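S.K.: no sequence on this one, just coordinates:
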């Protein structure tokens, strides 16, 4: 009995000592400083690609900020002039890629200023991911004081770049811009290497992309700056973009789409309390949103009888009165098409734009869904969330067009685990082993929300290990 008591007391003491153990964030400076100081010699330059809404937009003609401040100086979507600045132009018979305006991207949205009740409030948007990626060389005054940025990078870092882009546009068009961006940075880096006497046979990049940024990254890797086939057929994977890239980390990317894209296209977007609303007709001009719709084969959107809705079919949207064809959006269409006084003609133009956007969206999805083994030398890592119940299914009332979230699955509150993985078992035959057209090199799950993924110390630690210490393939 005494022996048993002794064993129990020892066990209890061990449990109590475990309960009292305290854990603090990792000492990133102590772990990675030496590697960071040599990353420009031993590693690759890093490109940061934000997600949708993650780049500031500015009117190239007037200099007005269109998106990115919310302090009263940005374009107001509740006025005709502001709505036209934010929306993509609509023109019958003009391909999606040629529907451009004077708005241009103007830097990644690392900090957001919001003014409520006359008081300025600063919110951190991508400051955390940019701070972590300082390991590649990105430094500014604000990052130097960030608690995550405790690594000494030395005096001569020049190898981390932000690829800001117009997130309203087709992801294929932005993949083309990424190809040009990489070409420009390769020339710049080559010049910097020459100044420092660094000899490298080849300049390649590592990429860290958040959310939708992961979609355009994957397209670029698979096809480079090649356009989608005009006949709707699936393109042949060339891995043209992979020639310039070694390590890729995509974070919280909706590889199989998100039901939130449906909600945004149908209901518009409320950014927050006391801020203006972005009406559905404004949002629905943007091709990138259609490229994030859930796949029909996964059965995420069903009618009241359980029948799967084909969201790539324009008749689905027309019959339900969604987005651009919502009868209640005619006033906004009038703002966007000020030279068209006939409501019937405005609707005709809107339907044309809807059809083009849906077709482009389907073609894009078909292209990135093609199964293909990674080429030698390319590493594709995923960081995703799976601890928050996330909307994964919608049930539609065909008679009214109204819908409700009918199903929830593990995710990050925006993107489900299954979508991030591109899990083809959803809506089909389940097997114990993941079935996905994407050949992941590594997958890491974090227990936080969509933007919180980049704030996690686990994110910082894992990303820095991959970029700085993990052996190259």
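M.R.: Arrived safely. Source: prediction; values computed, not measured.
S.K.: count of residues packed around residue 277?
M.R.: When counting by other C-beta atoms under 10 Å, one arrives at 13 neighbours for residue 277. Glycine gets a C-beta too; all of them are placed from N, C-alpha and C.
S.K.: tell me the phi and psi of it?
M.R.: Comment: the main-chain dihedrals of residue 277 come out as phi -90, psi 140, following degrees, to the nearest 10.
S.K.: Skipping its backbone neighbours, what lies nearest it in space?
M.R.: residue 270 (5.3 Å; C-beta to C-beta, 6 or more residues apart in numbering).
S.K.: Check the burial of that neighbour by counting its neighbours.
M.R.: That count, for residue 270 with other C-beta under 10 Å as the rule, works out to 11.
S.K.: That one touches residue 283, doesn't it?
M.R.: No. In this structure, residue 270 is not within contact of residue 283 by C-beta atoms under 8 Å, at 11.1 Å.
S.K.: now the helices: where do they sit in the stretch 301-450 of the chain?
M.R.: Assigned by DSSP state H, counting those that start in this stretch, the helices in the stretch 301-450 of the chain fall at 314-320, 330-336, 343-368, 417-421.
S.K.: how about those, which one is nearest residue 205?
M.R.: Evaluated with C-beta to C-beta, the helices of the stretch 301-450 of the chain place helix 343-368 nearest to residue 205, the distance being 19.7 Å.
S.K.: on that earlier part again, most tightly surrounded among the helices of the stretch 301-450 of the chain?
M.R.: Scoring the helices of the stretch 301-450 of the chain by mean neighbour count under mean count of other C-beta atoms under 10 Å gives helix 417-421 as the most buried, with a mean of 25.
S.K.: what helices or strands is that helix leaning on?
M.R.: When contacts are defined as 3 or more C-beta pairs under 8 Å, 6 or more residues apart in numbering; DSSP states H and E, helix 417-421 packs onto strand 379-385, strand 403-411.
S.K.: Mind putting those strands into TSV with mean neighbour count, mean pLDDT and distance to residue 239?
M.R.: Output for the helices and strands packed on helix 417-421, formatted as TSV (neighbours: other C-beta atoms under 10 Å; pLDDT from 0 to 100; distance: least, C-beta to C-beta, whole Å):
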stretch	mean neighbour count	mean pLDDT	distance to residue 239
strand 379-385	23	97	11
strand 403-411	17	96	29
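S.K.: Take those strands and lay them out in TSV including distance to residue 98.
M.R.: Output for the helices and strands packed on helix 417-421, formatted as TSV (distance: least, C-beta to C-beta, whole Å):
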stretch	distance to residue 98
strand 379-385	32
strand 403-411	33
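S.K.: do you know which of these lies nearest residue 300?
M.R.: Evaluated over the helices and strands packed on helix 417-421, closeness to residue 300 peaks at strand 403-411, with 7.8 Å, by C-beta to C-beta.
S.K.: which helices and strands sit right next to that closest one?
M.R.: In terms of contacts (3+ C-beta pairs under 8 Å, 6+ apart), strand 403-411 is packed against helix 259-267, strand 388-396, helix 417-421.
S.K.: okay, the angle between the first one and strand 403-411?
M.R.: Read it as helix 259-267. Here helix 259-267 points in a direction 160 degrees away from that of strand 403-411 (axes from the mean of the first three to the mean of the last three C-alpha atoms, to 10 degrees).
S.K.: what's downstream of helix 259-267, the next helix or strand?
M.R.: On the C-terminal side of helix 259-267, the closest following helix or strand by DSSP states H and E is strand 269-270.
S.K.: Where do the strands of the stretch 1-150 of the chain begin and end?
M.R.: Counting by DSSP state E, counting those that start in this stretch, one finds strands in the stretch 1-150 of the chain at the ranges 46-49, 55-59, 65-67, 103-108, 111-116, 119-124.
S.K.: circling back: which one, of the helices and strands packed on helix 417-421, ends up nearest to residue 48?
M.R.: Evaluated over the helices and strands packed on helix 417-421, closeness to residue 48 peaks at strand 379-385, with 14.0 Å, by C-beta to C-beta.
S.K.: Ranking helices and strands of the protein by mean pLDDT, which lands last?
M.R.: For the chain, scoring each helix and strand by mean pLDDT, DSSP states H and E identifies helix 141-144 as the least confident one, at a mean of 38.
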